[in-house]
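A.B. asks: Need a 3D model of the sequence below.
(2 chains)
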Protein chains: 2
Amino acid sequence: MMLWTAPDPAPNPRRVSLFLRAKGLTLPTTLLSLMKREHKAADVLDRNPRGQVPFLVLDDGTVIAESVSICRYLDELHPNPPLFGETPLERAETDMWIRRVETALGVPVAMFWQNSHPLTAALVQQVPEFGAISRDRALDALRWFDGQLKGRRFLVGDRFTMADIILLTTVDFAAWIGIGIGIEADGGALDSWRQRVAEHLAL
Amino acid sequence: MMLWTAPDPAPNPRRVSLFLRAKGLTLPTTLLSLMKREHKAADVLDRNPRGQVPFLVLDDGTVIAESVSICRYLDELHPNPPLFGETPLERAETDMWIRRVETALGVPVAMFWQNSHPLTAALVQQVPEFGAISRDRALDALRWFDGQLKGRRFLVGDRFTMADIILLTTVDFAAWIGIGIGIEADGGALDSWRQRVAEHLAL
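C.D. replies: Just a heads-up that it's a prediction; the model follows:
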């Protein structure tokens, strides 16, 4: 198989690369430049009609796109350590926390990025007023996760899971584009959690 | 177990109710009124701190929130008919299509709903300019799914899956709030697909 992806800090490529790191796996990789719009080239669109990376091409040509779907597939092929859970309940809880990160934090972070950031200004029609609202929502979400992580080792409890990788990549990307209020770096629950995740992944 | 949910046409409650219909399952249910904001009441927030429905309370009090996570859990407990796939590849493909619907269509539909619809005007700070952009993106996504469905029985191929339920609920909710360009009702691929899904679910 071949992983088509892009260098960090793009959050979706980083999700897969941290997943592979946690698994101790390496995959043959083709790197594309997002800034050069290589992910919108015809040969890429033939493989993934959404025009996004990462995507995984299996040996028979089958394509699996969407970072979490790629990792879910690889987790079943290489079950140790389990990053999506080992029982129906564990898998549901992991999935729930992945979705909470994506909808509560990921969406407003993406909306700020698309509507207010200079790096996207030439690529999309920006509405800075909505970017500002989205920034406030992202900050509220950071506070919510800080609260949820109090007394908890990882997002799902004692298990390190894919949900931690999703939160880490989202929090780090948010910080990189200027969304942060200090709670992720002040010794609070989110900060301690981030240190545990970094330690777990040997970052 | 007890399912806490809300009546249709709210799209997330409808996802779970169509999933149960496809499975031939019934669950004890507590219905909340979203318009009366009952999902933000203290006893609901104690169970699901995101303040959203649906969520599933297991007999030991464990809560599974997020509609897709709930269905994923129930699919494992009641595997026939399989709605998430029977092999790692089938599960990855189903997951990929669920995510494509959610990100390409679901997000712009939600953004239009939040920023431009009279029913949400009193609840959130609206930016109509972004609502209009989101409406155009949702229409583009409808056209994209129409193209992807050409020559295909269901989203993932020949298998009816959770991804079809997610697309159906999103397309129908979009139409209900005024997003439609006719391609979903003109005998095109999206329209034919919708008829197959309605037939499959005996709607």
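A.B. asks: For residue A:160, give its distance to chain B.
C.D. replies: Between residue A:160 and chain B the computed distance is 19 Å (CB to the nearest CB, to the nearest Å). To be clear about C-beta, it is placed using only N, CA and C from the backbone, and glycine gets the same treatment.
A.B. asks: Residue A:147 now?
C.D. replies: For residue A:147, the distance to chain B - CB to the nearest CB - is 8 Å.
A.B. asks: Give me the most central residue, chain A.
C.D. replies: When CA atoms, centre = their mean is applied to chain A, the residue found nearest the centroid is residue A:166 (4.0 Å).
A.B. asks: Is it located within a helix, as I assumed?
C.D. replies: Yes: if the criterion is DSSP: H, G, I helix; E, B strand; the rest coil, then residue A:166 is within a helix.
A.B. asks: My understanding was that it contacts residue A:18; is that so?
C.D. replies: No: Residue A:166 is beyond contact range of residue A:18, at 9.4 Å (criterion: CB atoms under 8 Å).
A.B. asks: tell me which element residue A:94 falls in.
C.D. replies: helix A:88-100 (DSSP states H and E).
A.B. asks: What residues of that helix count as buried?
C.D. replies: Residues of helix A:88-100 classed as buried: A:89-100 (neighbour count, 16 or more other CB atoms under 10 Å in any protein chain shown).
A.B. asks: pLDDT of the helix or strand following that helix, averaged?
C.D. replies: Moving toward the C-terminus from helix A:88-100, the first helix or strand encountered (DSSP H and E) is helix A:107-116. Averaged across helix A:107-116, the pLDDT comes to 97.
A.B. asks: circling back: what's near enough to touch the residue nearest to the centre of chain A?
C.D. replies: Residues in contact with residue A:166, defined by CB atoms under 8 Å, 6 or more residues apart in numbering or on different chains, are A:15, A:68, A:97-98, A:101-102, A:106.
A.B. asks: go again using 6 Å as the cut-off
C.D. replies: Applying CB atoms under 6 Å, 6 or more residues apart in numbering or on different chains, one finds that residue A:166 lies in contact with A:98, A:101.
A.B. asks: Same check on the one 3 residues further on?
C.D. replies: Taking CB under 6 Å, 6+ apart as the criterion, residue A:169 is in contact with A:11, A:14-15.
A.B. asks: Would you mind measuring from it to residue B:77?
C.D. replies: 31 Å (CB to CB, to the nearest Å).
A.B. asks: Get me the contact residues on chain A for chain B.
C.D. replies: A:64-66, A:69, A:72-73, A:76, A:88, A:92, A:95-96, A:99, A:125, A:127, A:129-130, A:133 (CB under 6 Å from any CB of the partner chain).
A.B. asks: shaky segments in chain A?
C.D. replies: Applying pLDDT under 70 to chain A picks out residues A:181-186.
A.B. asks: Mind splitting it into its structural domains?
C.D. replies: A:2-77, A:88-200 (automatic domain parsing).
A.B. asks: For those domains, state which one has the densest average packing.
C.D. replies: domain A:88-200 (a mean of 19; mean count of other CB atoms under 10 Å in any protein chain shown).
A.B. asks: So for that domain, first residue to last residue, what's the gap.
C.D. replies: End-to-end distance of domain A:88-200 (CA to CA, to the nearest Å): 24 Å.
A.B. asks: Give me the nearest residue to residue A:193, chain neighbours excluded.
C.D. replies: Excluding the flanking residues, the one nearest residue A:193 by CB to CB, 6 or more residues apart in numbering or on different chains is residue A:149, at 4.7 Å.
A.B. asks: where's that neighbour relative to chain B, distance?
C.D. replies: Relative to chain B, and taking CB to the nearest CB, residue A:149 is found at 12 Å.
A.B. asks: Need phi/psi at the nearest residue to residue A:9 once chain neighbours are set aside.
C.D. replies: Nearest non-adjacent residue to residue A:9, counting by CB to CB, 6+ apart: residue A:176, 5.4 Å away. Note on residue A:176: its backbone torsions stand at phi -60, psi -30 [degrees, to the nearest 10].
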